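Asks: Mind looking at a prediction? Sequence and model below.
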Amino acid sequence: MFRELTSKQAFQTHCLTQIGVVSWLSVSESSQAGITGTVFMPPQPWVVGTGLPAGSDIATKNDSGITLPDAPILGSPKMDVETAGFDVAIPKPVAKMLPEEKEQSVSGLREQLNAGPEIIVEDLQPIEELAVDIIVEPDPSIVSQITRLDIRAYSLSNKLLILSDVPQVFSQEEEVERLALKMGQALLKQSIDEWQSSAFSWPGGLKNPYFIKRADWLFGALESYVDRLVKDFPETPLLVLAGDQVAQLMDDLPAESLLKQYPTARIVSLSELHRIPELRKDAWEVMQSCLFNSNS
């Protein structure tokens, strides 16, 4: 018995043959009717979604001797097709620009380039950086005998600030700190529950000899440092200057400096008071007189 198959059925049968299925009828139907058959196909019965017409020169033969077109070449614009099942592939439409439109586009670009040639030339110029020395001359009216300074600051109970000279090699940190706390407790007549200590050094780790000549920078650094320490004080701080260097620096400050407006007592450094206990009595009397107007 012969049965004419459609193009899709014939292609399906061919694909089944490739995977080893040679019978397209069920076993029961074949045994009852005794039907056997062979599929006869012309050399090129269908287009297999390649975008090439039947009979194209680009073709190859498979194991069954059936001529099929080659697979589409990837990346080729002519092979950029869409398939739906076994339907004939439809190539994507390619937008074409008319010759007059292309000429207008090229001429417009040429006009833009010719309109501003200086812009292109300027953009291509290398960027040149020039080093400029900014020199700020010191104010000759601001001078100080102090060029190097090392101090410790003790802020006690947001009321009392002690600034004390210390040597560059300072090994009595804890002892001097305890002495400052005892002094503050005696002066304020209360326990010291809140306090902090910090260090100030000029010119510090910068090691730049140019800083030694700038007294105005030293004054500004000291004023900023003290301002940070007393910013949380609810009232005017009581200031104790312990040591000759910090006292001299305070004298060199301009008259309008805020640090000169604080009640101030001047005594020897805390490291000297620690080494020489006999000096503590004189220091106590000076602090009582200067900070509390002789009212103990």
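Replies: Perfect, I can see it now. Numbers count the residues shown, from 1 in each chain.
Asks: Provide the backbone phi and psi angles at Phe200.
Replies: Backbone torsions of Phe200, given as degrees, to the nearest 10, read phi -130, psi 130.
Asks: okay, now it: neighbour count?
Replies: Counted with other CB atoms under 10 Å, residues neighbouring Phe200 total 18. For glycine as for every other residue, the C-beta is placed from the backbone atoms N, C-alpha and C.
Asks: ok, it - contacts?
Replies: Taking CB atoms under 8 Å, 6 or more residues apart in numbering, we find Phe200 in contact with 149-153, 221-222, 225.
Asks: for whichever helix or strand Gln248 is part of, packing partners?
Replies: In this structure, Gln248 sits in helix 244-252 according to DSSP states H and E. On a contact count with 3 or more CB pairs under 8 Å, 6 or more residues apart in numbering; DSSP states H and E, helix 244-252 meets strand 149-156, strand 160-165, helix 215-230.
Asks: Run through who's touching the very next helix or strand once past the longest one.
Replies: So that's helix 215-230. Using DSSP H and E, the next helix or strand after helix 215-230 towards the C-terminus is strand 238-242. For strand 238-242, contacts defined as CB under 8 Å, 6+ apart pick out 159-165, 183, 187, 247, 250, 259, 262-270, 273, 287, 291.
Asks: Give me the ChimeraX select line for those, limited to the buried ones.
Replies: Burial among those is assessed by 16 or more other CB atoms under 10 Å; the matching ChimeraX selection reads:
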select :159,160,161,162,163,164,165,183,187,247,250,259,262,264,265,266,267,268,269,270,273,287,291
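Asks: For the closest residue to Gln190 other than its chain neighbours, give its distance to Leu273.
Replies: Residue nearest to Gln190 in three dimensions, not counting chain neighbours: Ser157, with 6.9 Å by CB to CB, 6 or more residues apart in numbering. Per CB to CB, to the nearest Å, Ser157 is found 20 Å from Leu273.
Asks: That'll do, ta.
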